[in-house]
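> the sequence and its predicted three-dimensional model are supplied below.
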Amino acid sequence: MNTKVKTVTAAQAIVSGIEAEGIDHVFCVPGESYLPVLDALYDAASINVISARHEGGAAFMAEGYAKASGKPGVVLATRGVGAANLSIGVHTAYQDSTPMVVLLGQVHSGFRGREGFQEVDLEQFFQPISKWAVEVTRAERMPEIIQRAFWIAQTGRPGPVVVSLPEDVLPIEIPAPLFQPVVKPAPAPGQSEIKRVEALLQKSKRPVIIAGGGVKSAQAEKALKAFVDETRIPVLVAFRRHDVYPNDQPYYVGHLGLGTHQAIKDTVRQADTVLAIGTRLSEVTTQDYNLLTADQQLIHIDIDDDVLGKCFHPHIGIVASADEALKALQHIDCPTHAWEKWAAYRRTMYEQTLTLNDDDRSTDMMSAVIDALQRQLPTDAVLTNDAGNFAGWLHAFYQFTEPHTYVGPTSGAMGYGLPAAIGVKFAHPNKTVVSLSGDGGFMMTANELETAVRYGVPVISIVVNNRSYGTIRMHQEMHYPARVIATDLGHISFADLAKSVGAQGTTVDSADAFSDALAWALRESGPVVIEVITDVEQISLRSTISQIRSQSLSDKL
């Protein structure tokens, strides 16, 4: 008896793979090169398709969704032009170790190599900024490649996978596949490795932990806290990974990022042993690769063996999941009583960084903004941020006390804050989500405010407006004082811009006005923009334009 084999199109197989991973939102700008996939999504009741205003915004939404949900972000775009537009989001996912599957339409297979309309070799284009870039040339291999794409994106050090989809392959009928959701391996350290760590720590007088994104991707925040409670080793967090450990705990001693206070850097410099967990010890975290020294003992634990030894040679290198490693190390025999005094001292040094030098934060608008956020937001509110000097106040003063409450780009991508917040809100509709952006970065993806309005996404966007590309202006004054070029920006009413697309908007220029505006925004049921007027003179957390210029001119004499 012949039994007819059920068939689906290659495009429908892609959608089945997305459904198998339990992904409920995908992000796109529609394109004719992948119409069969869009048509297959039409019948997928469990998947919401979010159409953005720009591919870069769609990619940032998918990246923010992935960070917040723990599932891979999925973003779709058309060939060449659409692919190029979303590449900034792929680069961010690569540097931030965020799982993402990027599905790109491609020209007809018969036209490849002829410089067809919008033709780009997508495999070659994305290879340097992705974990895997592949073109599907045969429809019957679609299930295999989609399954592998989700596996590669989520396992080891997570990251983006790019799949190129020639338009003629997508409608072809193939046997219906049976997908299995990815179960991520969680390797544990061996007993001999645990003993080596124990022996090294027993000799240590001043150990520190540097905890990174691997703790978040392994959902190891509880294991990290339990390990620290047991050992009493002080904890620093890697660049823009603030929420891996509660900032209000006595063993938290600071964030290693841009403009890090000297006292926090001194904590690492005075340490004799560094236990790096789930961090690639990036340029920013290690302050241009100068923070760690050869006379320190480095224990480096990461799920990806390629990370170990890439920037610093470890005395002990362990390939393991952060969760499994921390659980295995929790009860090692170490002199915790000696470390508690060291941790208390470094905590005191950290706490002294929480106040500006003049001890009067009431005159500093951005400090008032952070104070209001700290007072008024629920403890589980999620904050996202753009690139820019304004983030210095957030990083220095805001206390993240619960896991999965911060989503920021370690890639330093401008335009990230708003679309990432939209992606986060789709992942956690019941949480308050707030983005912080400068006026330069916000305008790069301000069009996605209309996306938030169209889908009824109640995010709060705080736009710090000093009419300048402030970070670059700061560096101009450092290197070429008083020679200001290309960094001044024009006047925009961001409150009016918000209203023009159907959102709510208000402009504030005082601490009290911001506090009132935030309270109002938290009561609103749709997207809100709070424009905060600041003076470009206060260019960074602890320096003014005049001070930087004066120092630079003095150095040149």
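Arrived safely.

> what's around the nearest residue to Gly31 once chain neighbours are set aside, how many residues?
Closest residue in space to Gly31, ignoring its immediate chain neighbours: Thr78 at 2.4 Å, by C-beta to C-beta, 6 or more residues apart in numbering. Any C-beta I mention is one placed from the backbone N, CA and C, and that applies to glycine too. Residues lying near Thr78 (other C-beta atoms under 10 Å) number 23.

> ok, Thr78 touching Leu35?
No: Thr78 is beyond contact range of Leu35, at 9.6 Å (criterion: C-beta atoms under 8 Å).

> pull the contacting residues for the closest residue to Arg280 other than its chain neighbours.
Excluding the flanking residues, the one nearest Arg280 by C-beta to C-beta, 6+ apart is Val307, at 4.9 Å. Each residue near Val307 by C-beta atoms under 8 Å, 6 or more residues apart in numbering is listed here: Arg157, Arg280, His300.

> helix or strand for Val307, which one?
Using DSSP states H and E, Val307 maps to neither a helix nor a strand.

> do Ala325 as well
In the assignment (DSSP H and E), Ala325 maps to helix 322-329.

> for the following helix or strand past that helix, packing partners?
Next helix or strand after helix 322-329 toward the C-terminus (DSSP H and E): helix 336-352. Where contact means 3 or more C-beta pairs under 8 Å, 6 or more residues apart in numbering; DSSP states H and E, helix 336-352 is packed against strand 207-211, helix 221-231, strand 252-255, helix 262-270.

> where do the strands sit along the stretch 351-500 of the chain?
Using DSSP state E, counting those that start in this stretch, the strands of the stretch 351-500 of the chain run over 382-385, 406-407, 433-438, 460-465.

> the first one pairs with which strands?
Its sheet considered, strand 382-385 pairs with strand 406-407 (parallel), strand 433-438 (parallel) by DSSP bridges.

> redo the helices and strands packed on helix 336-352 as JSON lines? Include distance to Thr384 and mean neighbour count.
Shown next, in JSON lines, are the helices and strands packed on helix 336-352 (distance: least, C-beta to C-beta, whole Å; neighbours: other C-beta atoms under 10 Å):
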{"stretch": "strand 207-211", "distance to Thr384": "20", "mean neighbour count": "26"}
{"stretch": "helix 221-231", "distance to Thr384": "19", "mean neighbour count": "19"}
{"stretch": "strand 252-255", "distance to Thr384": "16", "mean neighbour count": "27"}
{"stretch": "helix 262-270", "distance to Thr384": "23", "mean neighbour count": "17"}
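
> any idea of the mean pLDDT for stretch 375-391?
Mean pLDDT, computed over stretch 375-391, is 96.

> ditto for stretch 336-344
pLDDT averaged over stretch 336-344 gives 89.

> show me where the stretch 351-500 of the chain dips below the pLDDT cut-off.
356-363 (pLDDT under 70).

> where exactly do the helices run in it?
365-376, 391-397, 417-427, 439-445, 448-454, 470-479, 494-500 (DSSP state H, counting those that start in this stretch).

> which one, of the helices and strands packed on helix 336-352, ends up nearest to Met100?
Relative to Met100, the nearest member of the helices and strands packed on helix 336-352 by C-beta to C-beta is helix 221-231, separated by 21.9 Å.

> helices and strands around the closest one, which ones?
strand 207-211, helix 322-329, helix 336-352.
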